[in-house]
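K.L.:
pasted the sequence and its predicted model underneath.
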Amino acid sequence: MQEPFGEPPHEPDAVNPFSVSSVTEPGTSVTSPPPEDGEDGPQRLMRPDRPRIWPSLVLPLISLATFLLSSLVMMVVAFFVVHGEFSPRMMVSAEAMKTVSSSRVGLLLLVVAPQVALVMPTLIAAWLSPVGFSRRLSLIRGHWPYWAWVAAALTTPLIGWISSIAVGSLMEESESLKMMSDIFRGHGESGFLIPLALLIGATPAFCEEFLFRGYVQTRLNRRIGPALGILLSSALFAVFHMDLIHIIAVFPLGLYLGVIAWRSGSLFPAMLGHFVNNSISVFAVVLGPETQDQDPTPEMALFLLVVIALGLFGAMLTAVAMWRLPVPQAVTLRAKPAV
């Protein structure tokens, strides 16, 4: 049995839900374990292997509240740091907000602190979970080899671009996305491109994945099955972007990340894919033309060619992993015994 990172090698009462011993070959039937002696149906539904569904829906609401509150507080702090003053009228001024976002310190305050606030309820809930922190968030090795992790991550930008192109052909880019692109382009042209790509890539890859694929999807998959679990967690992930164009564009990406997290039995491939997608997107915005009527530069054309080639290669390997590697089977997840 492959053990989760940081966990003792043998715990008879704690079962890894995504270990090699808990998977089945495609096409074979999957059955839930029978109730233990003396358990009836209602009692079984209260056991840890069939988690209640309401925490998966309440926790995102709590996380959204902490995110919005932190965003408001950090906005005030950023205005003081950048402008030296604050007034409520600044918050509705596009120019004042753009000035704050164009500052490296202001950008850090507006991006990092709200993301940390977003994930804090998840970390607390996972820490209090009776089944253990790493198992609750699927921070385990899973059963995919490392090459499949990398292949799935390389495919992610291709999924994101196809979705963006499809949405962009039907709907005009929103003002908030245009402003975000201008901010990224300004930071990239000032020599902050690589730190910006790492910041925008790593922060959501940790914080958002812990919440949506780690906590929410893991619980929903065991409660209502992977199909509905992935669909609902991806919908929540998309809605959290709070911009209609962005919501529609990232929904397919959320579905893809949800599938690879479920099929691999680990959150790590989804985190890696999220990081690669966001980082590549920052490079694409900075290197790309500012308007659609402009031709891409030779650097941008080469960059696109490399990313697309790696994405297609990754997609082929990911398809092999999906086809050849076993499908996770739901098993009983018991609380760890008290020490």
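P.N.:
Received the coordinates, thanks. Numbering: from 1, shown residues only.

K.L.:
now do the helices in the stretch 201-339 of the chain.
P.N.:
Assigned by DSSP state H, counting those that start in this stretch, the stretch 201-339 of the chain shows helices spanning 217-224, 226-239, 244-264, 268-287, 298-324.

K.L.:
tell me the pLDDT of Ala301.
P.N.:
The per-residue pLDDT reported for Ala301 equals 89.

K.L.:
how far away is it from Ile162?
P.N.:
According to CB to CB, to the nearest Å, Ala301 and Ile162 sit 18 Å apart. Backbone N, C-alpha and C define where each C-beta goes, glycine included.

K.L.:
name the SS class of Phe86, please.
P.N.:
Following DSSP: H, G, I helix; E, B strand; the rest coil, Phe86 is assigned to coil.

K.L.:
quick one, phi/psi of the nearest residue to it once chain neighbours are set aside?
P.N.:
Counting by CB to CB, 6 or more residues apart in numbering, Phe86 lies nearest to Phe79, which is 4.3 Å off, once chain neighbours are set aside. Phi and psi for Phe79, reported as degrees, to the nearest 10, are phi -60, psi -40.

K.L.:
who are the contact partners of Phe79?
P.N.:
Contact analysis of Phe79 by CB atoms under 8 Å, 6 or more residues apart in numbering lists Glu85, Phe86, Met90, Met91, Ala96, Val100.

K.L.:
with respect to Leu72, which of the residues you listed is nearest?
P.N.:
Met91 (8.6 Å; CB to CB).

K.L.:
mind pulling up the pLDDT for Pro328?
P.N.:
For Pro328, the pLDDT comes out at 77.

K.L.:
which residues does it bridge with?
P.N.:
Counting by DSSP bridges, Pro328 forms beta bridges with Val23.

K.L.:
state the number of residues packed around it.
P.N.:
Pro328 sits with 21 neighbouring residues when counted by other CB atoms under 10 Å.

K.L.:
which non-adjacent residue is nearest the residue nearest in space to the middle of the chain?
P.N.:
Nearest to the geometric centre of the chain sits Glu209, at 3.2 Å (CA atoms, centre = their mean). Closest residue to Glu209 apart from its sequence neighbours, by CB to CB, 6+ apart: Met271 at 4.7 Å.

K.L.:
which residues does the one you found contact?
P.N.:
Residues near Met271 by CB under 8 Å, 6+ apart: Ala205, Phe206, Glu209.

K.L.:
what stretches of the stretch 51-200 of the chain score poorly on pLDDT?
P.N.:
Within the stretch 51-200 of the chain, no stretch falls below the threshold (pLDDT under 70).

K.L.:
sorry, back to before: where's the residue nearest to Phe86 relative to Gly106, distance?
P.N.:
Taking CB to CB, one finds Phe79 at 8 Å from Gly106.

K.L.:
any idea how far Glu209 is from the closest residue to Phe251 other than its chain neighbours?
P.N.:
Among residues not flanking Phe251 along the chain, Ala238 sits closest, at 4.1 Å (CB to CB, 6+ apart). Taking CB to CB as the criterion, Ala238 is separated from Glu209 by 14 Å.

K.L.:
how about Val81?
P.N.:
In terms of CB to CB, Val81 sits 29 Å off from Glu209.

K.L.:
check His274 too.
P.N.:
For His274 relative to Glu209 (CB to CB), the value is 6 Å.

K.L.:
mutual contacts of those two, please.
P.N.:
Taking CB under 8 Å, 6+ apart as the criterion, His274 and Glu209 both touch Leu257.

K.L.:
tell me which residues touch Ser56, please.
P.N.:
Ser56 touches Tyr215, Val216, Arg219, Leu220, Arg223, Ser233, counting by CB under 8 Å, 6+ apart.

K.L.:
would a markdown table of those residues with pLDDT and neighbour count be doable?
P.N.:
Converted to a markdown table, the contacts of Ser56 look like this (pLDDT from 0 to 100; neighbours: other CB atoms under 10 Å):
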| residue | pLDDT | neighbour count |
| --- | --- | --- |
| Tyr215 | 96 | 28 |
| Val216 | 96 | 25 |
| Arg219 | 92 | 24 |
| Leu220 | 94 | 23 |
| Arg223 | 90 | 18 |
| Ser233 | 97 | 29 |
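
K.L.:
overlap of the contact sets of Phe79 and Gly106?
P.N.:
Counting by CB under 8 Å, 6+ apart, the shared contacts of Phe79 and Gly106 are Val100.

K.L.:
in this structure Tyr215 contacts Leu139, no?
P.N.:
No. If you go by CB atoms under 8 Å, Tyr215 and Leu139 don't touch, sitting 10.7 Å apart.

K.L.:
list just the nearest of the contacts of Met271 to Asn278.
P.N.:
Closest approach between those and Asn278, by CB to CB: Ala205, at 6.8 Å.

K.L.:
who touches the helix or strand hosting Ile162?
P.N.:
In this assignment (DSSP states H and E), Ile162 forms part of helix 146-170. Outside helix 146-170, the residues that touch it by CB under 8 Å, 6+ apart are 245, 248-253, 256-257, 260, 264, 268-269, 272-277, 280-281, 284, 307-308, 310-318, 321, 325.
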